[in-house]
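Undergrad: Quick one: sequence and predicted model below, then my questions.
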Amino acid sequence: MKKLSTAALIFVAVTAVDAATTSLETLRIRDPFILTDNRAAQYYMYRTSDSIAADGRVIGGVEVFTSKDLSNWTGPELVMRIPESNGLTGTVWAPEVHEYNGRYYLFATINSDIEWKKRKEGWADYTWRGTQIFHADSPKGPFVPFSKFVSTPMDWMALDGTLWVEDGTPYMVFCHEWVQTEDGTMEAVELKPDLSAPAAEPQTLFYGSAPDWSTGIESSPGSPKGYITDGCFLYRTKTGKLLMIWSSFSKGDYAIGIAESVTGSVKGPWRQQEKPLFVKNGGHGMLFRTLCGELRLVLHQPNSPLGAERAKIFEIEDDGNTLILK
């Protein structure tokens, strides 16, 4: 087993000492993901945790908080530190953990600070970015990678991978970054049965500009608009409809919309519901059930300024056709 760096060891020690109970209102977190553990009667909430290696590089990681009531959270505890030999080792975005066939799988977007190129003058820089899958026997890890490489295409700026299992076949749904494509896309790729790697080529599901509520953003003043695809999460309603919540910008604010698969399959085609689910400068949401079985939405708000983000939990109604914010 590869030894942890000195910085990582220090981080583990500090984490163990500083673990404490914090209220949800004061806990800074972006792209929150909550896993409900009915056997242990508790919740796990994951967030990014960066460390600095001896050579000054940022080494990304993930930590977890636990709770019995969704209001008071204990932690953090480190669950994953990217090996320094990994293909990408930088900041982690949007970590989420899924239970699948008795094991736990961490989907994490890994970043690099290496500039690739620009699409055009005034446009945001290309940097390497992709979703990698890690696995463990416990929701507290330690999570280890299947390989050194991401499971999204190596020449794509890709992010926010999530797991969806349909008729026994696992898929990763993820976003192709608007910085590279101008009009971001939502993609799906079939995974191998053990989730270790893709089993096929990605399929485009829809574009960021598809709904009327998605009005785009400028990467710099006067530049062409880009249409973001972020924070995908799939959900099947009580009547069997397949929905996807996802985030983009609407009239300058981060927002969540709902897409619906016409066929009921992840392969679509997908149509966009006219009314967004949430438009108040918050997003990157996911859905979970409480220990009592009630449906909830968690997202971060505000989206900006950086540092102000908090996890906000809302009651959600599934009326069979769509999701309604209570």
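TA: Looks like it arrived, so ask away. Numbers count the residues shown, from 1 in each chain.

Undergrad: Which positions within stretch 282-295 qualify as buried?
TA: Using 16 or more other C-beta atoms under 10 Å as the test for burial, stretch 282-295 gives G282, G283, H284, G285, M286, L287, F288, T290, L295. Just so you know, the C-beta spots here come from the backbone N, C-alpha and C atoms, and that holds for glycine as well.

Undergrad: The third one sits in which helix or strand?
TA: Under the assignment given by DSSP states H and E, the secondary-structure element containing H284 is strand 283-289.

Undergrad: how far does that strand sit from the chain's center?
TA: 10 Å (C-alpha atoms, centre = their mean, to the nearest Å).

Undergrad: in its sheet, what does it sit against?
TA: Using DSSP bridges, the strands paired with strand 283-289 are strand 295-301 (antiparallel).

Undergrad: Now do the very next helix or strand once past the strand it pairs with, average pLDDT.
TA: Going down the chain from strand 295-301, the next helix or strand is strand 310-318, by DSSP H and E. In this model, strand 310-318 has a mean pLDDT of 98.

Undergrad: just stretch 166-178 next, same as before
TA: 98.

Undergrad: now do stretch 64-76
TA: The pLDDT scores in stretch 64-76 average 98.

Undergrad: Could you do stretch 84-97 as well?
TA: Here stretch 84-97 scores 96 as its mean pLDDT.

Undergrad: cool, stretch 252-269 as well?
TA: Stretch 252-269 comes out with an average pLDDT of 98.

Undergrad: Check the offset of that stretch from the chain's centre.
TA: Distance, centroid of stretch 252-269 to centroid of chain: 16 Å (C-alpha atoms, centre = their mean).

Undergrad: can you give me the end-to-end distance of it?
TA: End-to-end span of stretch 252-269 (C-alpha to C-alpha, to the nearest Å): 28 Å.

Undergrad: List the buried residues in it.
TA: Of the residues in stretch 252-269, D253, Y254, A255, I256, G257, I258, A259, E260, S261, V266, G268 count as buried by neighbour count, 16+ other C-beta under 10 Å.

Undergrad: Stretch 166-180 now?
TA: Buried residues in stretch 166-180, defined by neighbour count with 16+ other C-beta under 10 Å: E166, P170, Y171, M172, V173, F174, C175, H176, E177, W178, V179, Q180.
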